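Peer 1: here is my input, please return the structure:
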Amino acid sequence: MTSRDYQFRNSPHQLHPLQDVLDPHTIRGLARIGVKPGMRALELGAGAGSITRHLATLVGPDGNVTAVDIDTQLLHPTNVVDVYQRDLRTEPIPTTGGGYDIITARCLLEHLPNRTDLLQQLTDLLCPGGWLLLGEIVYSRIVVHRAPTEPDTTLITRVVHTILDTLAHHGVDLHWGDTTPALLLAAGMNHVQAHSHTDTWTGGGPGCALYANNAHQLHDQLIDTGLTTTDLARFTELMADPYVVVSSYQFATTHAQKPDPTPPRSPAIPSRRPGTRPATAPTT
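Peer 2: Residues are numbered from 1 along each chain as shown. Purely as a prediction, here's the structure:
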């Protein structure tokens, strides 16, 4: 995607706080699935590579991780990790013989206009019994738990809601994470489970740094909505103030397993030698 289509650039100022606040949820999701050595994993929208590296540790030297992003400058191939630069609106997802055991994507599909087709492709690329783990930011009301003044509370609420409204105006589907479970069930996936997460963020921490960076990257669009440069400068100050406590973006994760059509093996029946009779219980 071009910077016009994707509102946030792959910069450390954006990706590092994003990793800090979302990696724990993704890592817990992978733990629920149970990633094992030797598995083949695919990560779409790999960003700065923190989950790619975590997956590489889990699958070990006998496994493989395919990391895909439109901007791969922060991704590095290894003996286990393959890196592909792809614009998923128009370019194909890398495939592997036999399918992937794990596919994960975070804060990606909601940004893409062909998200429904991509979701179908992801389920097709899974091997039988393979797992899909998806995570998206969804629209929610911010709660300001503490701020220096009432006008500051009002400003924080306005800026964060305007960030979300601006993303939605530019084609981001902030309800996609809420609808993903129904789509996966309709696709015939098994063990579909959804989890919703909202944390408390403190000024000066990675979450508020993410808020500040999002406002910085969307500066011109936010000004177009009626916010002023003074408003945004004050918002940046508040996001660095440890006195401030606010609720986070809401993050929705969904995992699901592709059905395995292989019928279960019947238990083996012990054979007996020719000419012998089956044992019978003694009579009294």
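
Peer 1: drop to CA atoms for contacts and neighbour counts, all remaining ones
Peer 2: OK.

Peer 1: list the buried residues for the longest helix belonging to the chain?
Peer 2: Longest helix in the chain, counting residues (DSSP state H): helix 12-33. For helix 12-33, the neighbour count (16 or more other Cα atoms under 10 Å) marks 14-19, 21-23, 25-26, 29-30, 33 as buried.

Peer 1: could you pull out the strands for the stretch 151-284 of the chain?
Peer 2: 190-197, 200-202, 245-247, 250-257 (DSSP state E, counting those that start in this stretch).

Peer 1: same question, the stretch 1-150 of the chain
Peer 2: Under DSSP E, counting those that start in this stretch, the stretch 1-150 of the chain gives strands at 40-44, 64-69, 81-85, 100-106, 126-138, 144-146.

Peer 1: what's the closest of the ones you listed to T262?
Peer 2: strand 126-138 (8.4 Å; Cα to Cα).

Peer 1: now the closest one, how far from the centre of its chain.
Peer 2: Centroid separation between strand 126-138 and its chain, computed with Cα atoms, centre = their mean, to the nearest Å, is 9 Å.

Peer 1: ok, and what's touching that strand?
Peer 2: 26, 29-30, 33, 98-110, 122-123, 174-178, 249-261 (Cα atoms under 8 Å, 6 or more residues apart in numbering).

Peer 1: quick revisit: for L74, state which of the buried residues of helix 12-33 is nearest.
Peer 2: L15 (9.9 Å).

Peer 1: mean pLDDT and mean neighbour count added to the strands of the stretch 151-284 of the chain, as TSV?
Peer 2: Conversion of the strands of the stretch 151-284 of the chain to TSV gives the following (pLDDT from 0 to 100; neighbours: other Cα atoms under 10 Å):
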stretch	mean pLDDT	mean neighbour count
strand 190-197	96	15
strand 200-202	98	20
strand 245-247	98	20
strand 250-257	96	22
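
Peer 1: give me the nearest residue to C127, chain neighbours excluded.
Peer 2: Closest residue to C127 apart from its sequence neighbours, by Cα to Cα, 6 or more residues apart in numbering: G99 at 4.3 Å.

Peer 1: is it correct that the one you found is in contact with L122?
Peer 2: No - applying Cα atoms under 8 Å as the test, G99 and L122 come out as separate, 9.9 Å apart.

Peer 1: in this protein, where is pLDDT below threshold?
Peer 2: Judged by pLDDT under 70, the chain has its weakly predicted residues at 1-12, 263-284.

Peer 1: recalculate using a threshold of 90.
Peer 2: 1-17, 97, 260-284 (pLDDT under 90).

Peer 1: helices along that one, start to end?
Peer 2: 12-33, 50-59, 115-125, 150-169, 176-186, 206-217, 219-224, 229-239.

Peer 1: and V143, what does it touch?
Peer 2: V143 touches T157, V246, S247, counting by Cα under 8 Å, 6+ apart.

Peer 1: actually, I51.
Peer 2: D23, T26, I27, E43.

Peer 1: now do it against L75, distance only.
Peer 2: As for I51, its distance to L75 is 11 Å (criterion: Cα to Cα, to the nearest Å).

Peer 1: what's across from the closest residue to Q257 other than its chain neighbours in the sheet?
Peer 2: Counting by Cα to Cα, 6+ apart, W131 is the residue found nearest to Q257 once chain neighbours are left out, at 4.5 Å. Counting by DSSP bridges, W131 forms beta bridges with I102, Q257.

Peer 1: A252 too?
Peer 2: Beta bridges link A252 to E136, S196, judged by DSSP bridges.
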